[in-house]
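>>> Quick check, what structure comes out for this input:
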Amino acid sequence: MKNLLKPLTLTALALSSVISASITAAPSKILFGSCGHQDKNIPIFNTINKEQGGLFIFLGDNIYGDTNDMDVLADKYQRLGAKPGFKTLKAQTPIIAIWDDHDYGQNDAGKEYPHKEQSRQIMLNFWDEPVNSARRTRPDGIYTSYMYGENEQTIQVIMPDLRWNRDALNHVGELEYYTKRKLNNQGPYSPSEVKGASMLGEAQWQWLEQELKKPAAIKLIASSLQLLPDFTGWESWANFPEDRNRLFALIKKHKVNGVVIISGDTHWGEISKYQQNLDYPLIEMTSSGLTEKWKDVSPNKHRVGDFTHNVNYGDLSIDWQQIDPTISLKLKGIDGEVIMQSDFSLSSISPYK
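Model (predicted):
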């Protein structure tokens, strides 16, 4: 744990500055993924590295920590860091990351997790977060955003923290789970019935509203949990309906153009599309996992096409050369083959003048 708990060195800070400078231009190819187990081979990194993306986003469950022992957690990060494919990715591609439950500390953990402060520092050290970053000291989580590009070619990446402040999950009874939910490939959770129950907490909501108001051609919400599916029974935004509805309302209230969503967590990949009471369709690509698979895929009435339970990564590419840029969302398999794809124009998700 010593190496991961110490403050960043000047060398690491210098590297961070170089990386930041190298992605001030809006990338035309953003790659992303989630759910990679540090004790397994991760051959998909070799394919990802051939892509030479302008940015890679780790969406959470970047390791499987699942511990109250911070030495164990730190060691698991070191195992990921020792992977040759990860070393190559880190050397050639700018990386940003958010956590989900397994790298936060425990399966499905929320604000009650007792070691979140130590876990935060271990996580941020591993991802070379600067020592003066607000993510290290903010009292309510590691949420953050990044802005790339200028003028008409801008991408804002918004990364909420869905763990630090998350209220208790609403469980169904064991009988209902085994007689109804499990038979329908659904998990044990239901939407919270507690008024004000939230994953984000009020301070993070105030921050998020200000981030949504910032001008950017594309606003990429990088969520560790699925946002658009109505209900899976597993962890998702649907378990906290006030949060989900509040986000949709803010998009309308502030006339926020260009929102695209990427997510992880599920151990399957899919595309979702949602437009209920919105002025343009929200599109979400779930990429999961880099090593993990789940065969009992849950229903999703907003799913576009089929799903995959094979390992995968996501590719968001933008053709900035067109007058009306084309956005292409692709889910790719272990050899880089396209499993599913959604193409749409920037104008189709930008109705507000």
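>>> ok, Leu169 touching Glu235?
Yes - counting by Cβ atoms under 8 Å, Leu169 touches Glu235, with 7.3 Å between them. (Each C-beta comes from the backbone N, C-alpha and C, glycine too.)
>>> between those two, what contacts are shared?
Counting by Cβ atoms under 8 Å, 6 or more residues apart in numbering, the shared contacts of Leu169 and Glu235 are 108, 189.
>>> So for those two, which residue has more residues nearby?
More crowded of Leu169 and Glu235, by other Cβ atoms under 10 Å: Glu235, with 24 against 18.
>>> Would you mind measuring from the more buried one to Asp140?
Taking Cβ to Cβ, to the nearest Å as the measure, Glu235 falls 19 Å from Asp140.
>>> cool, Ser350 as well?
31 Å.
>>> centre of the chain versus stretch 152-166, how much separation?
Chain-centre distance of stretch 152-166: 8 Å, with Cα atoms, centre = their mean, to the nearest Å.
>>> Likewise for stretch 143-156?
Worked out by Cα atoms, centre = their mean, stretch 143-156 lies 16 Å from the chain centre.
>>> Can you get me the start-to-end distance on that stretch?
14 Å (Cα to Cα, to the nearest Å).
>>> what's the average pLDDT for that stretch?
Across stretch 143-156, pLDDT averages out at 96.
>>> quick one: buried residues of it?
By neighbour count on 16 or more other Cβ atoms under 10 Å, the buried set for stretch 143-156 is 143-149, 153-156.
>>> so where do the helices sit in the chain?
2-5, 10-22, 44-51, 70-81, 84-92, 101-104, 116-126, 134-137, 174-176, 202-213, 241-253 (DSSP state H).
>>> Mind putting these into TSV with distance to Phe58, mean neighbour count and mean pLDDT?
As requested, those are exported to TSV (distance: least, Cβ to Cβ, whole Å; neighbours: other Cβ atoms under 10 Å; pLDDT from 0 to 100):
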stretch	distance to Phe58	mean neighbour count	mean pLDDT
helix 2-5	16	13	40
helix 10-22	14	12	37
helix 44-51	11	18	98
helix 70-81	10	18	98
helix 84-92	10	15	98
helix 101-104	9	27	98
helix 116-126	10	20	98
helix 134-137	14	14	98
helix 174-176	34	10	94
helix 202-213	20	16	98
helix 241-253	22	17	98
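>>> possible to save the ones you listed as TSV with distance to Trp320?
Below are the helices of the chain laid out as TSV (distance: least, Cβ to Cβ, whole Å):
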stretch	distance to Trp320
helix 2-5	38
helix 10-22	17
helix 44-51	17
helix 70-81	33
helix 84-92	21
helix 101-104	33
helix 116-126	31
helix 134-137	29
helix 174-176	50
helix 202-213	22
helix 241-253	23
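>>> Of all the ones you listed, which one is nearest Ser192?
Nearest to Ser192 among these is helix 241-253; the distance by Cβ to Cβ comes to 7.3 Å.
>>> same for the closest one, what does it pack against?
Using 3 or more Cβ pairs under 8 Å, 6 or more residues apart in numbering; DSSP states H and E, the elements in contact with helix 241-253 are helix 202-213.
>>> now for the helix it packs on, which elements pack on it?
strand 153-159, helix 241-253.
>>> what angle separates the longest one from helix 202-213?
This points to helix 241-253. If you take axes from the mean of the first three to the mean of the last three Cα atoms, to 10 degrees, helix 241-253 sits at 30 degrees to helix 202-213.
>>> The spatially closest residue to Asp167 that is not a sequence neighbour: what's it in contact with?
Of all residues not flanking Asp167 in the chain, Ala197 sits nearest, at 4.5 Å (Cβ to Cβ, 6 or more residues apart in numbering). Contact partners of Ala197, counting by Cβ under 8 Å, 6+ apart, are 167-168, 240, 242.
>>> one more time with 10 Å, if that's ok
166-170, 191, 239-243 (Cβ atoms under 10 Å, 6 or more residues apart in numbering).
>>> repeat for Gln275
Counting by Cβ under 10 Å, 6+ apart, Gln275 has contacts 228, 281-283, 302.
>>> roughly how far apart are it and Ile48?
Noted for Gln275: a distance of 31 Å to Ile48, by Cβ to Cβ.
>>> Just list the residues touching the closest residue to Asn257 other than its chain neighbours, thanks.
Ranked by Cβ to Cβ, 6+ apart and with sequence neighbours excluded, the top spatial neighbour of Asn257 is Ser350, at 3.8 Å. Contacts for Ser350 (Cβ under 10 Å, 6+ apart) come out as 217-218, 255-259, 280, 324.
>>> Give me the phi and psi for Gly65.
Dihedral pair for Gly65: phi -80, psi -60, per degrees, to the nearest 10.
>>> Am I right that it is in contact with Asp101?
Yes - using Cβ atoms under 10 Å, Gly65 makes contact with Asp101 at a distance of 9.1 Å.
>>> Common neighbours of those two, please.
Common neighbours of Gly65 and Asp101 are listed as Asn107 (criterion: Cβ under 10 Å, 6+ apart).
>>> Show the end-to-end separation of stretch 264-283, please.
Distance across stretch 264-283, first residue to last, is 14 Å (Cα to Cα).
>>> re earlier: mind picking the two most distant members of the buried residues of stretch 143-156?
Longest distance between any two of the buried residues of stretch 143-156 is 24.9 Å, between Tyr143 and Gln153; criterion Cβ to Cβ.
>>> That'll do, ta.
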